[in-house]
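> compute the structure for the input listed below.
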Amino acid sequence: MLFFQKDPTLEQQGHDLLEAVWAKFPGLARNQIALTWIVYDDPVIVNTGGAISAAEFWQYPVRGFSYRGVERIYPASVVKLFYLVAIHEWLETEMVQGSPELDRAIADMIRDSSNDATSLVLDVLSGTTSGPELPPQLLQTWAHQRNIVNRYYQALGWQELQGVNVNQKPWGDGPYGRERQFVGEALENRNMLTTDAIARLLHGIIGGVAVSRDRSKTMMQLLRRSLQPVELPPGEENQVMGFLGEGLPSQAKLWSKAGWTSRVRHDAAYIEVPYAQPYLLVVFTEGRLNSQNREILPTLSHLVLQKMANLTP
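As a prediction, this is how the structure comes out:
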């Protein structure tokens with residue numbers, strides 16, 4: 001059972017905004033976008049500092065719209081949300097010991113989307129390290145260790161996590177050595193996620209029930225993005241310009257994690273604006289030309305915001 005309820009009004013609004021996006025960007029094929037949109041009606045149960053229990057939170061109904069939300073797509077750096085929650089679970093249960101260096105890596109992984117920092121986090125999570133190629137038996141043992149993050153998420157029993165894969169490090173130039181062996185000749189073992197799966201994970205973080213109330217607060221602090229131009233990092237690394245945050249007014253509040261490569265451009269965001277209900281939006285786009293188009297996600301974000309301003313609770 002999905003964590004959100006489909007709603008006829010939201011379904012119509014969702015299809016309308018997608019038609020508007022396709023009209024403006026005809027190069028974006030209908031199978032090159034996936035989207036999950038969650039609306040938080042009153043009483044809002046997210047970003048409350050974990051005011052309600054996890055059991056109550058997961059029983060509370062929320063409205064949602066999903067387009068190709070179950071399609072498995074390479075997530076790029078959005079996968080770092082899954083490593084963020086996992087490392088906080090490991091720290092909470094004392095499976096690993098915290099340190100200033102690990103804290104630095106966790107922060108850089110989310111705030112700056114550092115692949116180098118993520119490499120350390122995944123090493124700590126799995127007890128594996130990158131290196132030269134391994135013979136088959138040793139590689140099998142190494143792979144079993146690396147898959148511990150997958151086993152953690154599958155143990156949650158969420159429908160949205162069926163078929164996902166979160167066991168690979170993100171790279172700049174690509175994997176080498178044992179990492180190349182592990183991902184497979186045809187990249188068949190690469191990370192794969194759905195917008196529905198990401199939406200549920202982010203829903204839990206902003207609901208204050210991912211790992212614990214205090215750890216959810218810590219994760220939210222890392223995900224917070226400034227929309228003030230003077231506070232944005234230079235270049236394309238700020239995860240706002242060219243992504244969902246660019247389509248928002250300056251008074252909006254944004255918590256997000258973006259991901260991009262030469263073939264994909266994605267974003268996952270929780271958004272609050274003064275004149276509408278809070279909402280969650282996860283958007284994946286694929287295709288070499290679409291990944292370089294820095295207008296698609298901001299345009300879609302602006303359209304969703306317009307829909308939210310007129311949406312009846």
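> so the residue positioned nearest the centre of the chain, which of the three states?
Residue closest to the average C-alpha location in the chain (CA atoms, centre = their mean): residue 78, at 4.1 Å. Here residue 78 is recorded as helix under DSSP: H, G, I helix; E, B strand; the rest coil.
> what's the separation between it and residue 284?
8 Å (CB to CB, to the nearest Å). Using the backbone N, CA and C atoms, a C-beta is placed for each residue, glycine as well.
> and for residue 306?
Separation of residue 306 from residue 284 (CB to CB): 21 Å.
> look at these two and report which has more neighbours.
More crowded of residue 306 and residue 284, by other CB atoms under 10 Å: residue 284, with 28 against 15.
> check which helix or strand the more buried one maps to.
For residue 284, the enclosing helix or strand under DSSP states H and E is strand 279-286.
> same question for residue 101.
Going by DSSP H and E, residue 101 is in helix 100-111.
> just how off-centre is the strand holding residue 284 within its chain?
Mean C-alpha position of strand 279-286 versus that of the full chain (CA atoms, centre = their mean, to the nearest Å) differs by 9 Å.
> ditto for stretch 72-87
Per CA atoms, centre = their mean, the displacement of stretch 72-87 from the mean C-alpha position of its chain is 6 Å.
> quick one: contacts of the helix holding residue 101?
80, 83-84, 87, 96, 114, 116-118, 120-121, 124, 219, 222-223, 257 (CB atoms under 8 Å, 6 or more residues apart in numbering).
> what subset of the residues you listed is buried?
Neighbour counting over these (16 or more other CB atoms under 10 Å) leaves 80, 83-84, 87, 114, 117-118, 120-121, 124, 219, 222-223, 257 as the buried ones.
> dump those residues into JSON lines; add pLDDT as well.
Formatted as JSON lines, the buried ones among the contacts of helix 100-111 follow (pLDDT from 0 to 100):
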{"residue": "80", "pLDDT": "98"}
{"residue": "83", "pLDDT": "98"}
{"residue": "84", "pLDDT": "98"}
{"residue": "87", "pLDDT": "98"}
{"residue": "114", "pLDDT": "96"}
{"residue": "117", "pLDDT": "98"}
{"residue": "118", "pLDDT": "98"}
{"residue": "120", "pLDDT": "98"}
{"residue": "121", "pLDDT": "98"}
{"residue": "124", "pLDDT": "98"}
{"residue": "219", "pLDDT": "98"}
{"residue": "222", "pLDDT": "98"}
{"residue": "223", "pLDDT": "98"}
{"residue": "257", "pLDDT": "98"}
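> ok, these vs residue 6, which is closest?
Distance to residue 6, by CB to CB, is smallest for residue 257 among the buried ones among the contacts of helix 100-111, at 25.2 Å.
> what segments of the stretch 1-150 of the chain are helices?
In the stretch 1-150 of the chain, the segments counted as helices under DSSP state H, counting those that start in this stretch are 8-24, 54-59, 80-92, 100-111, 115-126, 136-146, 148-155.
> what's the separation between residue 272 and residue 39?
The value you get for residue 272 to residue 39, if CB to CB is used, is 12 Å.
> whoops, I mixed them up, residue 313
As judged by CB to CB, residue 313 and residue 39 stand 8 Å apart.
> and for residue 276?
9 Å.
> please apply the same query to residue 15.
Distance of residue 15 to residue 39, given as CB to CB: 15 Å.
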